[in-house]
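*Asks:* Sequence first, predicted model second:
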Amino acid sequence: MLKPLRGKVIIRPLKQETISEGGLIIPENNKYKPQEGEVVALGGQIHISNIEVPFQVKIGDKVLFNRGAGTSIEDEGEKFLLMAENDIVAKF
């Protein structure tokens, strides 16, 4: 598994639903809907003025991030996203 560096995280994107709970079909190109993923790796901490800034997410957290955030990478045949922690907009 790849190991991210300084403030970066690796996300495993989760499959997006194509049908809403009400039965409506959600188009694949819905560029405004955040995507969901799971945090699988954390990089090293960022230091600002010699103060360590802790991550706000941890491995295993389910998170939301904007479509187009991060860089697509492939490791051992599986697709992941490498992004800065501040590209994550929420966790649940």
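*Replies:* Looks like it came in fine. Residues are numbered from 1 along each chain as shown.

*Asks:* Show me which helix or strand of the chain is least confident by mean pLDDT.
*Replies:* The weakest-scoring helix or strand in the chain, judged by mean pLDDT, DSSP states H and E, is strand 46-48 (a mean of 73).

*Asks:* Can you tell me which helices and strands it packs against?
*Replies:* For strand 46-48, the helices and strands in contact under the criterion 3 or more C-beta pairs under 8 Å, 6 or more residues apart in numbering; DSSP states H and E are strand 51-53. In this view, the C-beta of every residue, glycine as well, is placed from N, C-alpha and C.

*Asks:* what about the strand it packs on, average pLDDT?
*Replies:* Averaged across strand 51-53, the pLDDT comes to 79.

*Asks:* who does the helix or strand following it pair up with?
*Replies:* Counting by DSSP states H and E, the next helix or strand C-terminal to strand 51-53 is strand 62-65. Strands flanking strand 62-65 in the sheet, each with its direction: strand 35-42 (antiparallel), strand 88-91 (antiparallel) (DSSP bridges).

*Asks:* which element is the most centrally placed residue in the chain on?
*Replies:* Nearest to the centroid of the C-alpha atoms of the chain, with distances taken as C-alpha atoms, centre = their mean, sits residue 11, at 4.0 Å. For residue 11, the element it lies in under DSSP H and E is strand 8-13.

*Asks:* Poorly predicted segments of this structure, please.
*Replies:* Screening the chain residue by residue with the criterion pLDDT under 70, one finds the ranges 16-20, 25-34.
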